[in-house]
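[1] A predicted structure for the sequence below; I have some questions about it.
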Amino acid sequence: MQIRPAVSADLEQLTDIDGTITSINYIHVEKSGEGLAQSWKLDERPLRSKLIEPNAIDDDTRFSMKQIVNGIEEGMMLVAEHEGVVVASLIAQPQPANSTLRLIDLRVDHDHRGQGVGSALLLQSIQQARDLELRAIATQTKTNNVSAANFLLKRGFDLAGLDTHLQSNHDLVKESVTLFWYAALI
């Protein structure tokens, strides 16, 4: 396995990475209280049926990838290559206004998960953030992606907040609340 900076030719291979989310659990978000006295309780619960969601790269992420790889925007994009095939990628951009590195996307092909590839990519982004003297790495996940939440927790990220309206006015009902994560570096 080789980890290296992405080049333009890699962009076409990224759609071949099977980023499917599979889970038998989700993170249930329960709201109580009103106004400024609101509180939230999160706990992992079983799904009624196994989740299998394709998790394709969205247009905004694809655009950011092209901009970073072609040197138009500041950021980093790494790929992990196995036997000449790209099997994982990470894209991140520094956010100077709040001194963080925003982890936009980290995906590992379904067949290569659990082998440390995602951790290796994340460690390189942490080193990059430290080299830039940034205070933290920030990212977000959805409550239906328990694997991503557990991955981040095991690697020192703290759950910093949630948004029940980021994708729609009904994210809480749809059980697809956005969770915000930070890993402090200094």
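    Yep, that arrived. Everything numeric here is computed off the predicted structure, so don't read it as measured data.
[2] for the helix or strand bottoming out on mean pLDDT in the chain, buried residues please.
    Least confident helix or strand, the chain: helix 171-174 with a mean of 88, by mean pLDDT, DSSP states H and E. Within helix 171-174, the residues scored as buried using 16 or more other Cβ atoms under 10 Å are D171, L172. Quick note: C-beta positions are derived from backbone N, CA and C, even for glycine.
[3] with stretch 105-125 instead?
    Neighbour-count burial for stretch 105-125 [16+ other Cβ under 10 Å]: 105-109, 112-113, 117-118, 120-122, 124-125.
[4] how about K31: which residues does it bridge to?
    Residues in a beta bridge with K31, per DSSP bridges, are W40.
[5] okay but it is in contact with T164, surely?
    Yes - with contact defined as Cβ atoms under 8 Å, K31 reaches T164; the gap is 7.4 Å.
[6] between the two, what contacts are shared?
    L172 (Cβ atoms under 8 Å, 6 or more residues apart in numbering).
[7] neighbour count: those two, which is higher?
    The residue with more neighbours, out of K31 and T164, is T164; 19 against 13, by other Cβ atoms under 10 Å.
[8] who are the packing partners of the longest helix along the chain?
    The longest helix of the chain (DSSP state H) is helix 117-131. Applying 3 or more Cβ pairs under 8 Å, 6 or more residues apart in numbering; DSSP states H and E, one finds that helix 117-131 contacts strand 2-5, strand 76-82, strand 85-95, strand 100-108, strand 136-142.
[9] how far is the last one from where the chain is centred?
    Read that as strand 136-142. Offset of strand 136-142 from its chain centre (Cα atoms, centre = their mean, to the nearest Å): 6 Å.
[10] ok, the shortest one next?
    Using Cα atoms, centre = their mean, the distance from the centre of strand 2-5 to the centre of the chain it belongs to is 19 Å.
[11] okay, now the sheet partners of that strand, with direction.
    Short version: by DSSP bridges, strand 2-5 pairs with strand 76-82 (antiparallel).
[12] run through who's touching the partner strand.
    Against strand 76-82 from outside (Cβ under 8 Å, 6+ apart): 1-6, 10, 14, 65, 68-69, 86-93, 108, 112, 117, 120-121, 124-125, 128.
[13] ok, D131 to D111 distance?
    Between D131 and D111 the computed distance is 32 Å (Cβ to Cβ, to the nearest Å).
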